[in-house]
Structures are given as structure tokens and as C-alpha cells.
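model the following, please.
(2 chains, ligands or ions: 2)
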Number of protein chains: 2
Amino acid sequence: MTPEREQKLLSVLARRQPDLTLIAEQVHKPRNISALIRNCDAAGIAEVQVVKPKEGYHNYRGTALGSDRWLDVGLHETIDAAVEQVRTQGMKVYAAHLSDTAVSYREVDYTLPCAIVMGAEKEGISPRAAELADEHVIIPMQGVVSSLNVSTAAGIILAEVIDQRLKAGLYDQSRMSQEWIARKLFEARHP
Amino acid sequence: MTPEREQKLLSVLARRQPDLTLIAEQVHKPRNISALIRNCDAAGIAEVQVVKPKEGYHNYRGTALGSDRWLDVGLHETIDAAVEQVRTQGMKVYAAHLSDTAVSYREVDYTLPCAIVMGAEKEGISPRAAELADEHVIIPMQGVVSSLNVSTAAGIILAEVIDQRLKAGLYDQSRMSQEWIARKLFEARHP
Ligand SMILES: C[S@@+](CC[C@H](N)C(=O)[O-])C[C@H]1O[C@@H](n2cnc3c(N)ncnc32)[C@H](O)[C@@H]1O
Ligand SMILES: C[S@@+](CC[C@H](N)C(=O)[O-])C[C@H]1O[C@@H](n2cnc3c(N)ncnc32)[C@H](O)[C@@H]1O
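Numbers count the residues shown, from 1 in each chain, chains lettered A, B, ... in the order given. Ligands and ions are numbered 1, 2, ... in the order given. Coordinates of the predicted model:
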């Protein structure tokens, strides 16, 4: 790795957020999972949580789904397991869910430790995930189509997260452990 | 069409925005074009502008690209032609472009008549489009990957547009011409 590349990588790792994650609940198209992970990278998420679809993945390639070099991917069999893990980390759980009790995604405080749950392509958020969440958030839509693509919806919510966390200075100083940063640097040097 | 369906459709058409559009500059993957149009629908865009890729489309199916039932699609051979049309309609032109002079996409006033230019998958915004634009807007990213998927980027900018226009009351009363609404209703009844 060139010194410039290492410098760039270090500055990215220094902006990773220990108290922010996204839970992809049974999202099953590999293209959507990749797009979600790309959006998580952009928001500085250190570890994304994936709840496996019941039918499994079509082109499943290990835990990585092709992009765990810069962030970790936590795999879970059930939404309960995923939510339990993030609760242990002290996170609030916001489900992106088109329900009657949902509030606008801009009304929520994302500077608190939090996890955002995104639903599957067809089924959306499961009843169990809806129940486990502290809050449902919705992106107001003005058109005929009733929902957005899952990665677009995640991108929109994460853009609000970025905005709030930039203003709160949460990307200004390194917040991850030295061990985590050292491990990711090692992985980047030995792909 | 059931009366309920017609009612729903009328209320959507009444929220369409005569002074807002998106210009897709040589975006060539049909899946990205469809996702862009879905996002435009969600923001209440009445007519989206498409600048054809030089190589044409792989699976091109007429002007519609599969979804002109609820909004119109204007096809253009060049970015100059697309920009000329929106300027005639009194619109400002904002290019979503990762340039040195770009301002944050949240700093721009989208309640003014405006068009948002989105760039191609690989090439991004062309030098000509960058030159024609009044302003370049950028979505700040905190990760390793240097750009977002084009439809995600459009979704994020349009979510800010929706937020500003909701606050300004621009979705509160019908702003399109009676002729336009009547034509779209007719098209919906006779697909
Ligand atoms: C294609 S949608 C699923 C649609 C499903 N038929 C439903 O009604 O939930 C996939 C996921 O994207 C997210 N999503 C899509 N549009 C959204 C919106 N307007 N607000 C909040 N989340 C949205 C949700 O997490 C949803 O479960
Ligand atoms: C995949 S990107 C093109 C990347 C291209 N290599 C470049 O440097 O412009 C496709 C389009 O999405 C939009 N886009 C992607 N990420 C963006 C960001 N962070 N800010 C503004 N626009 C973005 C731009 O319109 C861009 O032309």
C-alpha cells in the first residue's frame, strides 16, 4: 500500500462510528445488499448487521457479500438475535417502516447510539421487527408508488444521520478502539 | 378504474410540481433509469428529462423505459437541449457533481423552480453539464467509496427537495394545468 493510500484509509477508519449500525432484515437481492453496504460505508458504519433471508442467498459468498474489507458484517439467523446484539451495545432501534405510528425520519435523534432496521424487498419489515423497534420512521412520499427501493430508503435516512452527526462533531475525532483500527489496517494490507 | 383508485390518482396528480425536474445525463443502466423515475415520482416530478447515452440503451423500450404512466419523460439528444428546455421554463440548474466548487446539497433552495442533473454511472457529470450548471451540489461522504449509486444520490437530494417543498406548502394545492391532469387521467384510464 502506498503511504497516501494508507493515510486515506486511516482517516476513513478514524471516522467510523462505534454507536451506529444498520440491520438489513432478510433483504435478499445481492445487488441491494451491496448497495446497502456502500451506503453504510458512506455513513461511517463500522459493522453492519445482516439477518439472513429464510430462503438463503442466491449467490452467497461467505459473510462478506463482497465488501467486508472496510466494514465488518455481523450475520444473524433471526431479527431477535440482531436486535439483542445492538441493545447490548446500548443502541436504540429505529425501523424504517410504513406504519400508522411512524414518525418522519427527520424527527429522530440519530446522534444517540442507534440501529436502523431496513425491511425486505417484498415483505418489508416483519411484524416481529416492528414490535421490537423503539420507533418507526417513514420517508414522506408524494407520488403513486407506495415505497422506495430499500437501498434508496437507507441512503436517505443515512444522509440525515450524516447531517446530524456532522453537526454534532461525531466524525471529528477517532471513536473506534485502537485494536479495531489496527485489525482493519492489517486486513487492508493483506487482502 | 375504481372510484377509490381514481381518487388516489387525482390526489397524486394534484401534488405534481410544474417547476421541478431531474435531468438524467447519459445514465445507461435500465435499472438505474427505473429507480430514478421511481424517485422522481416520490418527489412529485411531473416530467423527467433523459439525455440519451451516446451508445443508446441496451433494452430500450420507447420513451417510457417502462414507467411513463404517472409522469412524462422528455427525451433529449444532448445535455444542451435538455438544459435549454428547463431554462425556458425558468428553472435553475443544479448538477449533482463531486467537484471542488460543489456546495452541500442541503445549502441550496429547492423551492425555486429547479432542475437537478444526475451523471452517468462511470463518467459522472460531463464537463459540458458541469459548465452549464448554476451550481454543483455534493452529498458529503465519510467512507472509503468515493461515490454513491446514481439513484441513491438522486433519492437523497430529492428527499431534501421534498422536505423543503413540504415546509413551503408546495404540495398543498394543485399546481399543474387542468389540461395536464385531464390528459394523465385519460392515459391512466386507457393504458
Ligand atoms: C420496497 S420496501 C418494502 C415494501 C413493502 N411492500 C412494505 O409495505 O413494507 C423495502 C424496505 O425499504 C424501506 N422503505 C421503503 N420506502 C420507505 C419509506 N417511504 N419510508 C421508510 N422506509 C421505506 C423499508 O424498510 C421497507 O421495508
Ligand atoms: C456513480 S456516480 C459517478 C462517479 C464518477 N466516477 C464521478 O466521479 O463523478 C453517478 C452520479 O451519481 C451522483 N452522485 C454520486 N455520489 C454523489 C455525491 N456524493 N454527491 C453528489 N452526487 C453524487 C452524481 O450525479 C454522479 O455523476
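
in this structure A:Leu10 contacts A:Leu185, no?
Yes: A:Leu10 is within contact range of A:Leu185, at 7.2 Å (criterion: CB atoms under 8 Å). The way it works is simple: take the backbone N, C-alpha and C, and place the C-beta from them, glycine included.

quick one: contacts for the residue sitting nearest the centre point of chain A?
Nearest to the geometric centre of chain A sits A:Leu22, at 2.4 Å (CA atoms, centre = their mean). Contacts for A:Leu22 were tallied using CB atoms under 8 Å, 6 or more residues apart in numbering or on different chains; they are A:36, A:39-40, A:45, A:48-49, A:115-118, A:154, A:158.

can I assume it sits in a helix?
No: using DSSP: H, G, I helix; E, B strand; the rest coil, the assignment for A:Leu22 is strand, not a helix.

distance check, it against ligand 2.
18 Å (CB to the nearest ligand atom, to the nearest Å).

can you give me the helices in chain A?
A:3-14, A:30-42, A:79-88, A:127-132, A:150-167, A:178-189 (DSSP state H).

of those helices, which is nearest B:Arg175?
The closest approach between B:Arg175 and any of the helices of chain A, judged by CB to CB, belongs to helix A:150-167 at 23.8 Å.

and the closest one, how far out from the chain middle?
Centre-to-centre, helix A:150-167 and its host chain are 10 Å apart (CA atoms, centre = their mean, to the nearest Å).

for chain A, which residues are neighbours of chain B?
Residues of chain A lying near chain B by CB under 8 Å from any CB of the partner chain: A:8-9, A:12, A:15, A:35, A:38-44, A:70, A:106, A:139-145, A:148-149, A:151-153, A:155-156, A:159, A:162-163, A:166, A:171.

buried members of the residues you listed into ChimeraX, please.
Selection of buried members from those for ChimeraX, criterion 16 or more other CB atoms under 10 Å in any protein chain shown:
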select /A:9,12,15,35,38,39,40,41,42,43,44,70,106,139,141,142,143,144,148,149,151,152,153,155,156,159,162,163,171
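
so which of the residues of chain A next to chain B also contact ligand 1?
Counting by CB under 6 Å from any ligand atom, A:139, A:141, A:148, A:153 from these sit close to ligand 1.

so where is chain A shaky, pLDDT-wise?
Scanning chain A for pLDDT under 70 picks out the ranges A:57-68.

I'd like the distance between whatever residue of it ends up closest to ligand 2 and B:Glu6.
Nearest residue of chain A to ligand 2 (CB to the nearest ligand atom) works out as A:Ala42 at 7.5 Å. Here the distance between A:Ala42 and B:Glu6 works out to 41 Å (CB to CB, to the nearest Å).

who does A:His136 bridge with?
A:Ala95 (DSSP bridges).

got the contact list for it?
A:94-97, A:99, A:101-103, A:125, A:130.

likewise A:Pro140?
Counting by CB under 8 Å, 6+ apart, A:Pro140 has contacts A:104, B:162, B:166.

with those in mind, which one is nearest to B:Pro30?
B:Ile162 (25.0 Å).

residues in contact with the closest one?
By CB under 8 Å, 6+ apart, the residues touching B:Ile162 are A:140-142, B:42-44.

among those, which are in strands?
Among those, no member falls in strands (criterion: DSSP state E).

nearest to ligand 1, of those?
Nearest to ligand 1, judged by CB to the nearest ligand atom, of the contacts of B:Ile162 is A:Met141 at 5.1 Å.

gap between that closest one and A:Ala102?
Counting by CB to CB, the gap from A:Met141 to A:Ala102 is 12 Å.

can you check A:Gln7 too?
Counting by CB to CB, the gap from A:Gln7 to A:Ala102 is 42 Å.

show me which residues of chain A sit near ligand 2.
Counting by CB under 6 Å from any ligand atom, no residue of chain A is near ligand 2.

any residues of chain A in contact with ligand 1? List them.
So chain A meets ligand 1 at A:96-98, A:118-119, A:121, A:124-125, A:138-139, A:141, A:147-148, A:150, A:153 (CB under 6 Å from any ligand atom).

which of these count as buried?
Buried among these by 16+ other CB under 10 Å: A:96-98, A:118-119, A:124-125, A:138-139, A:141, A:147-148, A:150, A:153.

including distance to B:Gln85, could those go into TSV?
Output for these, formatted as TSV (distance: CB to CB, whole Å):
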residue	distance to B:Gln85
A:Ala96	36
A:His97	39
A:Leu98	35
A:Met118	37
A:Gly119	38
A:Gly124	38
A:Ile125	41
A:Ile138	34
A:Ile139	29
A:Met141	26
A:Ser147	31
A:Leu148	27
A:Val150	33
A:Ala153	31
